[in-house]
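# Model the structure of this input:
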Amino acid sequence: MKIGTKKWINFLKQDISLLKNRKGKKLSLSKQAKLLQLMGNLLSNGFHLGEVVDFLSHSDLVEQTFVEKMRNGLASGKNLGGILQELNFSKNVITQIELAQKHGDLAGTLRLTELNIRKNLAVQKKLVSVSLYPIVLISFLIGIVLSLKNYLLPQISEGHSNFATALINHLPALFITSLILNVVIFLFFRIKMKKKSAFDKANLMLKIPVLKHYGKLYLTAYFAREWGNLIAQGIDLQEMFHLMMAQKSLIFNEMGQYLIKNLNSGVTFEKSVKEIRFFKRELALMIEYGEIKDKLGLELEIYSDECWTQFFSKIDQAIQVIQPVVFIFVALMIVLLYAAMLLPIYSNMGKMI
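Model prediction:
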């Protein structure tokens, strides 16, 4: 019995440690950007991957645990994409790096990926700065509402009721109910979305007005850049589609399957792209125009840069709209609190007069 118990305890310990190792630590976005920037600079100056890892081992850019992972990955024959996967980089980054290893411009792709990560990081910082102050205010207001509901309002509104006091009394229940409802809806959609293909998820995004334009711009810019890089390096369409099918990114994989199927059926690249709803219409026109001029790779790269510029510009505009809306909501809550406190007092004063 004791032996069986010890085995069971050892199994649990081993299982927990495996789970911890599988999850692993992750580099912050800022460190990811610095790492990609350094790699791009070193590779463009003639360093090979082994020398890059040796350089990192003597720097303080990343922790030694990450350097060891890179060294072990290199020793086991993994390419840069596989090594970055060990460091828990996103699938999009890994896909871009693996494609770059095929088309040859690895240093350039590292620089572009680094710039995109920095832009995403800047957007995240703006969102945090926009939301932090209102969140603190709202938390403070919730504390005031609970204090009013439990201590002050029962004393000053005896026998009197108005819209403000009624809303204050029911606000905690409304808040908790709406929070639970939102969590349930989120979990429901998350479970439902897991069963759908990447194409279905992208098409479903088009039905959400807030995400529609951002999603189209992002996917158009993402695919245009990757296609442009591959075509500019002389890779033909059939080989490019097969490369896409071999990638870990689900939407990239499904896109490759869709395009190769259409190509084998005699459907042109431009017509296939035109039928995809989550791309901007201009992408198909750019492909047609680039094929006519025999500069498809260059045209797609230029168009991708323009789409990325539009995408981050729209994000900035959205942030500028969100901030005043949040402050208006906070201001209305403050007015409501004052109304809940003052209306019963004025009512009592009127009776005394």
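# list the buried ones in stretch 264-281?
By neighbour count with 16 or more other C-beta atoms under 10 Å, stretch 264-281 contains the buried residues 269-270, 272-274, 276, 278-280. For the C-beta atoms, the positions are set from N, CA and C on the backbone; glycine is no exception.
# Oh, that last question was meant for stretch 46-54, not what I typed.
Neighbour-count burial for stretch 46-54 [16+ other C-beta under 10 Å]: 47, 49, 52-53.
# Then stretch 243-259?
If you call a residue buried by 16+ other C-beta under 10 Å, then stretch 243-259 has these buried ones: 243-245, 247, 249, 251-256, 258-259.
# swap in stretch 59-79?
Burial within stretch 59-79, assessed by neighbour count using 16+ other C-beta under 10 Å, is assigned to 62, 66-67, 69-71, 73-74, 78.
# and the gap between residue 323 and residue 302?
Counting by C-beta to C-beta, to the nearest Å, the separation of residue 323 from residue 302 is 33 Å.
# Quick check: the gap between residue 233 and residue 43.
Distance, residue 233 to residue 43, by C-beta to C-beta: 16 Å.
# Show the contacting residues for the spatially most central residue of the chain.
Among the residues of the chain, the one closest to the centroid is residue 120, at 8.4 Å (C-alpha atoms, centre = their mean). Residue 120 sits next to residue 29 when contact means C-beta atoms under 8 Å, 6 or more residues apart in numbering.
# Point me to the helix or strand that includes it.
Under DSSP states H and E, the secondary-structure element containing residue 120 is helix 106-147.
# Return the distance of that helix from the chain's centre.
In terms of C-alpha atoms, centre = their mean, to the nearest Å, the centre of helix 106-147 is set 12 Å apart from its chain centre.
# Can you list phi and psi of the closest residue to residue 204 other than its chain neighbours for me?
Distances taken as C-beta to C-beta, 6 or more residues apart in numbering place residue 196 nearest to residue 204, at 7.1 Å, with adjacent residues excluded. When quoted as degrees, to the nearest 10, the phi and psi of residue 196 stand at phi -90, psi 160.
# I'd say residue 196 and residue 203 touch.
No: with contact defined as C-beta atoms under 8 Å, residue 196 and residue 203 do not form a contacting pair (9.1 Å).
# So for those two, which residue has more residues nearby?
Summary of the neighbour comparison: residue 196 and residue 203, criterion other C-beta atoms under 10 Å, with residue 203 having more neighbours (15 against 12).
# and the more buried one, what is it in contact with?
Contacts of residue 203 (C-beta under 8 Å, 6+ apart): 277-278.
# one more time with 10 Å, if that's ok
Taking C-beta atoms under 10 Å, 6 or more residues apart in numbering as the contact definition, residue 203 lies against 196-197, 215, 276-278.
# In helices, which of these appear?
Taking DSSP state H as the definition of helices, the contacts of residue 203 contribute residue 215.
# from the contacts of residue 203, which is closest to residue 176?
Taking C-beta to C-beta as the measure, residue 176 lies nearest residue 196 of the contacts of residue 203, at 30.9 Å.
# Name all residues that make contact with the closest one.
For residue 196, the contacting residues are 202-204, by C-beta under 10 Å, 6+ apart.
# before we move on, what about residue 304?
By C-beta under 10 Å, 6+ apart, the residues touching residue 304 are 112, 220-229, 283, 286.
# for these, which one is nearest residue 311?
Distance from residue 311 was checked for each of the contacts of residue 304 by C-beta to C-beta. The minimum falls on residue 221, at 5.9 Å.
# With just CA atoms, put the helix or strand where residue 35 lies into PDB.
Taking DSSP H and E as the criterion, residue 35 maps to helix 29-44. Extracted in PDB, the C-alpha atoms of helix 29-44 (Å, rounded to 0.1, in the frame of the first residue of the first chain):
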ATOM      1  CA  LEU A  29       7.100  42.000 -26.400                       C
ATOM      2  CA  SER A  30       9.800  44.600 -25.800                       C
ATOM      3  CA  LYS A  31      12.500  41.900 -25.400                       C
ATOM      4  CA  GLN A  32      11.100  40.000 -28.400                       C
ATOM      5  CA  ALA A  33      11.500  43.200 -30.500                       C
ATOM      6  CA  LYS A  34      15.100  43.700 -29.200                       C
ATOM      7  CA  LEU A  35      16.000  40.100 -29.900                       C
ATOM      8  CA  LEU A  36      14.700  40.200 -33.400                       C
ATOM      9  CA  GLN A  37      16.400  43.500 -34.000                       C
ATOM     10  CA  LEU A  38      19.800  42.200 -32.800                       C
ATOM     11  CA  MET A  39      19.400  39.000 -34.800                       C
ATOM     12  CA  GLY A  40      18.500  41.000 -38.000                       C
ATOM     13  CA  ASN A  41      21.600  43.200 -37.500                       C
ATOM     14  CA  LEU A  42      24.000  40.400 -36.800                       C
ATOM     15  CA  LEU A  43      22.700  38.200 -39.700                       C
ATOM     16  CA  SER A  44      22.900  41.100 -42.200                       C
END
